[in-house]
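*Asks:* no FASTA, just this:
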């Protein structure tokens, strides 16, 4: 693998800079407008939901393709926040999302690291088992999970819900971590070993390098827990004080009608924090590995 | 240029090209820490995945409604009923079709998006990344509802727009015809899940050191060559995992079918998870034994299908190298 | 990057703090009268949530030692969590259950989920007087003389089969809502006028999932019946020629463009009608309150009976013994308080009835609906339903053969491929095809399961047979005379 020495690379890059700038400008002139058009179409359904939150029920129905609310109302938000008790559910949702993300992150990072770099009896079996169980659809196994939580005496508790949320889908995160850790450059491990680092120290060194996967796990588990209504519902048996926003959104589904505008308003309130989390963790994807090698 | 190396089997980790892989034998220090590190995952995994899986296998031999005591043993009745049910096989065919098309469309597109949106020269990267990521924030059920309104032939956004501009004489009903419904669902599900795979690819791309691209630039490589000879070979191991996840998630499609078409029109978009839902969970009394058997049959079929793909891919790879293509 | 130790510490503390938040302790059985009691009720009438809060507040005002906790969640989730609640001994005191129709009580007894509302025979007899005589039947709400269920919803007015007409659309089409289309050909003519003279569609007919039933029941009842089981001959009957007639008529409507396009769900179709984009919608009297929520009131629409075929013998809508809704759970320790509460609720002139009906949630079996539902739309509904032959009392197999309480044949046959009829019809409708072959296949499947299971049960000694389901002396447009049931 050819790696230029730092000085040579610096010289080369400075010589190419003017060329690069012109090339970059040219490419942007083509790419950016195209992306803007695609972005608008892409985000259209999303924008439609947000604009519906400001419409009346019938106004939403007759609007066609228009994104402009006519008439414009803000009562839907009040209905969602107060009427559907969103203010209560919000705290629960935050708790569930953060906790299950932390649990999921810790357990899959630790397990993935060990599976990737250490041989021990049963390692291959565990890895193959994890892959095999990915094929089973999760929906049909909720009853045994319920029985387990019940026997642990954790029904109607937040801990029970959090465990259930983080217990289910961890396999794919472990696979991602394993694959990532496997393909970290050997030089880093050798260097650490030469420095006399023990297990924990090596792990602390390696973990930041998996920043992109950490970001992936955080973002997806957060979104997944935020929007999950099945688990909180089942494991608290409908008890309102422990429900999250996603369950609260179901309240707009009356038995005879759907309060579409209220639903859209509730949805809008609900996804703002998720968007914030994404924007915050986006940066993790850019720094990544190259920083580590340059030192 | 770096040699792409042997194709990587999913089950065994291999070294990235040029790296010596070094499994450390358990030393004193790690002998303590390895079990500690494994414990949280293994505990939760056994409790919430393995034990329920075993229980599901047991339930599949019973006729059980989830309420009464588990005492109606019926042997393989559930299995024979499912395997001889033409609707199950029709749902399975739809599911396979969905999974293959969905994966084949989403993976290259998301890879392209990930590559494009991590280019140094691109302006407003953060904005574009956020936009492409937006659909996944909406719960799948909501996306389905939104699109039923948008695609509606009576007054939906798509038809209104096209009719007003004169591009159409009659409204088109994408979700109301057998042949277009499944395709529409596939495209909508790609839109919905785009952000997830884009992020996976972005994470994978981080494994490619920037120096390699610079070296390739010096060698005069264009974008396509950089993609083929630098990017793809280096992300191949992670790509295998991503493809596996993509296929499996697509096989398990459920939420979007329920809200978008309810398996319809008629039965045109019936998929296996929807089949299980209507047969076992939609009306009381539930049929947990039946659902368990169906889930297991489906898991086995899915496993065979996906590993079959892996075998085919490896064979194709061998042939390719054999003929130096 | 937070260090490993730091992360672990944060995790432990966070989990500890939040996880210790939990649910409530189990309710203590009241030993002394006047001790504070909490009654938990659960159902899936989500639109009544605010009303439930009012009821709880009012009852608490009158009985300060009793707190009512009435929770409603969406139906799909309710069906999932209620069985789990029972199996983990966390069932509410009172719950809503309508599955199984007339057989609900037997099924619930078999599951061990219910107890009698009261063991005091006199109190029960007094309470029964609020309903018309013959409302409480052994094997359906009574067993061994004990009272388990009570009719909640009225079944005479409440059901499918009403045709709603949008006044604005009709006016624009030159049609008069006071002379509604009464036959199928008149309906086609009206649709022709609407399509020609307005920009609206004629019939807003949902077709997604099971929503095709809205249009189907209305038209099929005019021709034969609104059930997929033929109680005269004891067989499943989607392939009956009379249903074929009806289906082909609907296909004809579709070919002419008289049905609004798209495979829509009922919410969509209802909004379409309310927005004036469709002239006709068929459904039940619950639409009065649904449209009120959309801001569409009875000055904008009129109600009429569904059209019937031009000349052939007509059918009728079915009225069944099946609207028993609230049950007292076997895990409840507050039988006395619960019975007191339910008596207060079912007071025909009390707070509950007045406000329930004011909100138009439903019609009640124990109330004078006409007194409290004054909306002109409701007046039309009452007039239509009181017309002879609109809705008739159907024969009930369970009353002919009480042993059917232990039979699973009908449930098995009807819950295998539960949406089969709708799927067959919609599949063929969107392709404008004849449904004979598919219908026959479905009927054969159901019938095979039905017959096999009945034979099995018969062989094991249960006194059941196909004859239990056959009422050859009855015709589809007549009330079945309850005197014909064997005396027990």
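*Replies:* Right, received. Where do you want to start? Quick caveat: nothing in here was measured; it's all calculated off a predicted structure. Residues are numbered from 1 along each chain as shown, chains lettered A, B, ... in the order given.
*Asks:* give the contact list for residue C:225.
*Replies:* C:315, C:316, C:317, C:318, C:476 (Cβ atoms under 8 Å, 6 or more residues apart in numbering or on different chains). Just so you know, the C-beta spots here come from the backbone N, C-alpha and C atoms, and that holds for glycine as well.
*Asks:* what about it, distance to chain A?
*Replies:* 24 Å (Cβ to the nearest Cβ, to the nearest Å).
*Asks:* tell me where the model's unsure across chain C.
*Replies:* C:1-34, C:488 (pLDDT under 70).
*Asks:* one more time with 80, if that's ok
*Replies:* Applying pLDDT under 80 to chain C flags the ranges C:1-34, C:76, C:100, C:133-134, C:312-313, C:322-323, C:487-488.
*Asks:* could you list the domains of it?
*Replies:* Structural domains assigned to chain C are C:37-156+C:321-386, C:161-315+C:396-470, following automatic domain parsing.
*Asks:* give me the neighbour count for the residue in the stretch 1-150 of chain A positioned nearest to chain C.
*Replies:* The stretch 1-150 of chain A approaches chain C most closely through residue A:61 (4.5 Å), counting by Cβ to the nearest Cβ. Using other Cβ atoms under 10 Å in any protein chain shown, residue A:61 has 25 neighbouring residues.
*Asks:* equivalent analysis for residue C:83, please.
*Replies:* Neighbours around residue C:83, by other Cβ under 10 Å: 21.
*Asks:* who are the packing partners of the helix or strand it falls within?
*Replies:* For residue C:83, the host element (DSSP states H and E) is helix C:75-87. Applying 3 or more Cβ pairs under 8 Å, 6 or more residues apart in numbering or on different chains; DSSP states H and E, one finds that helix C:75-87 contacts helix A:230-236, strand C:37-43.
*Asks:* on that earlier part again, got the contact list for the residue of the stretch 1-150 of chain A closest to chain C?
*Replies:* Applying Cβ under 8 Å, 6+ apart to residue A:61 gives the contacts A:260, B:155, C:271, C:272, C:275.
*Asks:* before we move on, what about residue C:332?
*Replies:* So residue C:332 contacts C:91, C:92, C:93, C:94, C:115, C:338 (Cβ under 8 Å, 6+ apart).
*Asks:* now these in TSV, with neighbour count, secondary structure and distance to residue B:101?
*Replies:* As requested, the contacts of residue C:332 are exported to TSV (neighbours: other Cβ atoms under 10 Å in any protein chain shown; DSSP: H, G, I helix; E, B strand; the rest coil; distance: Cβ to Cβ, whole Å):
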residue	neighbour count	secondary structure	distance to residue B:101
C:91	21	coil	46
C:92	23	coil	46
C:93	23	coil	51
C:94	24	strand	49
C:115	18	coil	54
C:338	24	helix	55
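*Asks:* buried stuff in stretch A:89-107?
*Replies:* A:89-90, A:92-107 (16 or more other Cβ atoms under 10 Å in any protein chain shown).
*Asks:* of those, which are in range of chain C?
*Replies:* A:95, A:98, A:99, A:102, A:103, A:106 (Cβ under 8 Å from any Cβ of the partner chain).
*Asks:* between the contacts of residue C:225, which is closest to chain B?
*Replies:* residue C:318 (19.0 Å).
*Asks:* and the closest one, bridged to which residues?
*Replies:* Residue C:318 has these beta-bridge partners by DSSP bridges: residue C:392.
*Asks:* that one and residue C:390 touch, don't they?
*Replies:* No: applying Cβ atoms under 8 Å, one finds residue C:318 not in contact with residue C:390, separated by 11.0 Å.
*Asks:* count of residues packed around whichever residue of the stretch 1-150 of chain B sits closest to chain A?
*Replies:* Going by Cβ to the nearest Cβ, chain A is nearest to residue B:48 of the stretch 1-150 of chain B, at 3.0 Å. Neighbours of residue B:48 under the rule other Cβ under 10 Å: 25.
*Asks:* next: residue A:276.
*Replies:* With other Cβ under 10 Å as criterion, residue A:276 counts 10.
*Asks:* just give the nearest non-adjacent residue to residue C:271, would you?
*Replies:* Leaving aside its chain neighbours, residue C:271 sits nearest to residue A:61 (4.5 Å; criterion: Cβ to Cβ, 6 or more residues apart in numbering or on different chains).
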